[in-house]
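**Q** Sequence plus predicted model, see below.
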Amino acid sequence: MQTFGSHLIELCLAHRPLFLIGGIVGSNLFNLMILAGTDVFYREGALLSAASSSHLYTIVASIVLISISLFAMSRKNVSSSWFYAIPSILIIISYFIASYLIYVNSTS
């Protein structure tokens, strides 16, 4: 969340939305590379086998949110403002559903 906050300030000050998106996606990819590197040095088996089952929801939510973001960035022409807003609405709805599922499965 810290990354989003710092990049949001950059968006507001510099009016460069592509830097905001690139910074967030790049930060996420860097974090995934850290996990991949950690998995190489973790000697007690697969890294994911030591993770809680509630992290499965986090992984799936991340894949869904990044997929929606990549779809939104790859669109060339959008015919109306309603179609322009659909990915944003999907991201918000998906985020809250994923947060609820993670909360429910982490407390049980």
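**A** Good, I have the coordinates.
**Q** just checking, what's the longest helix in the chain?
**A** helix 81-107 (DSSP state H).
**Q** List the buried residues for that helix?
**A** 87, 90-91, 98, 101-102 (16 or more other CB atoms under 10 Å). (C-beta placed from N, C-alpha, C; glycine too.)
**Q** now the helices for this protein?
**A** Using DSSP H, the helices found in the chain span residues 2-14, 17-41, 55-74, 81-107.
**Q** Save the ones you listed as a markdown table, and put in mean pLDDT too.
**A** Listed next are these as a markdown table, based on pLDDT from 0 to 100:
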| stretch | mean pLDDT |
| --- | --- |
| helix 2-14 | 57 |
| helix 17-41 | 77 |
| helix 55-74 | 84 |
| helix 81-107 | 85 |
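**Q** Let's have the ones you listed in CSV, adding distance to Leu48.
**A** Below are those laid out as CSV (distance: least, CB to CB, whole Å):
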stretch, distance to Leu48
helix 2-14, 23
helix 17-41, 8
helix 55-74, 8
helix 81-107, 16
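**Q** Could you measure from the spatially most central residue of the chain over to Ser106?
**A** In the chain, the centroid-proximal residue (CA atoms, centre = their mean) is Ser62; its distance is 4.5 Å. The gap separating Ser62 from Ser106 is 16 Å, by CB to CB, to the nearest Å.
**Q** Over to Tyr100?
**A** 11 Å.
**Q** same deal with Phe96?
**A** 16 Å.
**Q** try Met73
**A** Distance from Met73 to Ser106, by CB to CB: 31 Å.
**Q** The residue nearest to the centre of the chain reaches Asn28, doesn't it?
**A** Yes - shown here, Ser62 and Asn28 form a contact pair, counting by CB atoms under 8 Å, at 7.4 Å.
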